[in-house]
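Q: Fold the following for me, if possible:
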Amino acid sequence: MKSYVFCLWIVITLLIGLPAQAGTPLGLPPVPIPADNPQTPEKISLGDKLFHDKRFSKTGEVSCATCHDKDKAFTDRLPVSEGISGLKGTRNAPTVINAVYMKSQFWDGREPSLEAQSAQPPVNPVEMGLENHDPILQIVRTDPEYLDQFKKAFGKTGDQITMNEVKQAIAAFERTVIAGDSSFDRYQYGGVNTAMSPAAIRGLEVFRGQGRCVSCHVIEQTQALFTNNRFHNIGVSFVKMAGKEEEVVKAFLEAKRKGASVDIEVLTKKNTSELGRFAVSEAFQDLGGFKTPTLRNVDKTAPYMHDGSHKTLEDVVKFYNNGGRLEETDPLSPYLDGGIRPLNLSEKQQADLVEFLKALTSPQFAKQ
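A: Numbers count the residues shown, from 1 in each chain. Okay, the predicted model is just below:
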């Protein structure tokens, strides 16, 4: 039976385009594994099943995979995600690919781990819509397949199964969703000088130089996560609530003091969503700040930014080139981070930068 489970683990990793071997892909560091949730083939297989189970939503129509579809580079390619009954939230679904390397989860970092993150969508009214986690526990404690899998993964059955095991299994599966080995990795870390096109190589120089992209989307000597795991106000959509900041902050803090869920507040109220990291830290310097996303496979995860407001990579590059606005005539947010200012890139430099970003695609997602 153990050999069967191990073979199943290999099949799963191949189906989602991930390496079955213990080593990590070129360009990535070792996967961090928490001491209290070690990886096992049984746990990963169980997490895969939980991740795709639509019964964990109020209408039986939505699973984790609805917004994080492996055939769409583990996103949904919508500006903002749609949950039960077509309800829309306020945030763009970030990819699960390499989420294991993020020091916090969600655009505002409101959860510290993959385990903690996995518990939120089922009970958000615009995502999976459950009032609490009881329906999930009812299913996993009675479904014969789940009973067998939880027994193998955790040695628990029936009422012994809690949301802790559910969260650990989903997180274990998500820790297998990693991808490197891009053209950039082969060029930068594999020593293959022809791995990137001349335009992409020029774009890398812009990325490191005049574009200053590397300041936040970090490239290190032996690896590149393309994120600094920090939060920045770059000007995206925050100007929509210009003049109403004090009102929105006050209303949010009052709701939070009364026990309102931050998860629900930011996903159901557009203006509250624009508070960004402030909703978690309540620090003024975090107002409108959002987490630096990874750029790996970015060509396959459009649209962009926390609200999905930028349709193409060309739009994103233009936005940064204009110093935090899509058009030069657009107003600037008064809360911009100091590093956001016009880049003065030529049209050719901008085009080369886009070509470099396309070179960050891993082979298993190249045809999506």
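
Q: Can you show me the helices along the stretch 1-150 of the chain?
A: With DSSP state H, counting those that start in this stretch as the criterion, the stretch 1-150 of the chain has helices at 2-15, 41-51, 64-67, 114-118, 134-140, 144-154.

Q: Would you single out the least confident of these?
A: Least confidently modelled of the helices of the stretch 1-150 of the chain is helix 2-15, at a mean of 42 by mean pLDDT.

Q: Figure out which of the helices of the stretch 1-150 of the chain is closest to residue 350.
A: helix 64-67 (30.4 Å; Cβ to Cβ). From N, CA and C alone the C-beta is placed, and that goes for glycine too.

Q: quick one: low-confidence parts of the stretch 151-300 of the chain?
A: The model of the stretch 151-300 of the chain has no residue with pLDDT under 70.

Q: those strands in it, which residues are they?
A: Taking DSSP state E, counting those that start in this stretch as the test, the strands found in the stretch 151-300 of the chain are 231-232, 290-291.

Q: following the last one, which helix or strand comes up?
A: Right, strand 290-291. Moving toward the C-terminus from strand 290-291, the next helix or strand (DSSP states H and E) is helix 313-321.

Q: For that following helix, buried residues please.
A: 313, 316-321 (16 or more other Cβ atoms under 10 Å).

Q: Could I get the phi/psi values of the nearest residue to residue 300 once chain neighbours are set aside?
A: The shortest distance from residue 300 to any non-neighbouring residue, by Cβ to Cβ, 6 or more residues apart in numbering, is to residue 73 (3.9 Å). Residue 73 adopts backbone torsions of phi 60, psi 40, taken as degrees, to the nearest 10.

Q: wait, isn't residue 73 in contact with residue 297?
A: Yes - with contact defined as Cβ atoms under 8 Å, residue 73 reaches residue 297; the gap is 5.2 Å.

Q: hey, what's in contact with both of these two?
A: Common neighbours of residue 73 and residue 297, using Cβ atoms under 8 Å, 6 or more residues apart in numbering, are 95, 97, 365.

Q: Who wins on neighbours among these?
A: residue 97 (28 neighbours; other Cβ atoms under 10 Å).

Q: Return the residues in contact with it.
A: 73-74, 177-179, 294, 296-297, 362, 365.

Q: Let's have the residues you listed in TSV, adding distance to residue 186.
A: Formatted as TSV, these follow (distance: Cβ to Cβ, whole Å):
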residue	distance to residue 186
73	19
74	22
177	21
178	17
179	13
294	18
296	14
297	15
362	11
365	15
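
Q: Tally up the residues packed near residue 116, please.
A: Residues within reach of residue 116, counting by other Cβ under 10 Å, total 15.

Q: so it sits right up against residue 167, yeah?
A: Yes - if you go by Cβ under 8 Å, residue 116 and residue 167 touch, sitting 7.3 Å apart.
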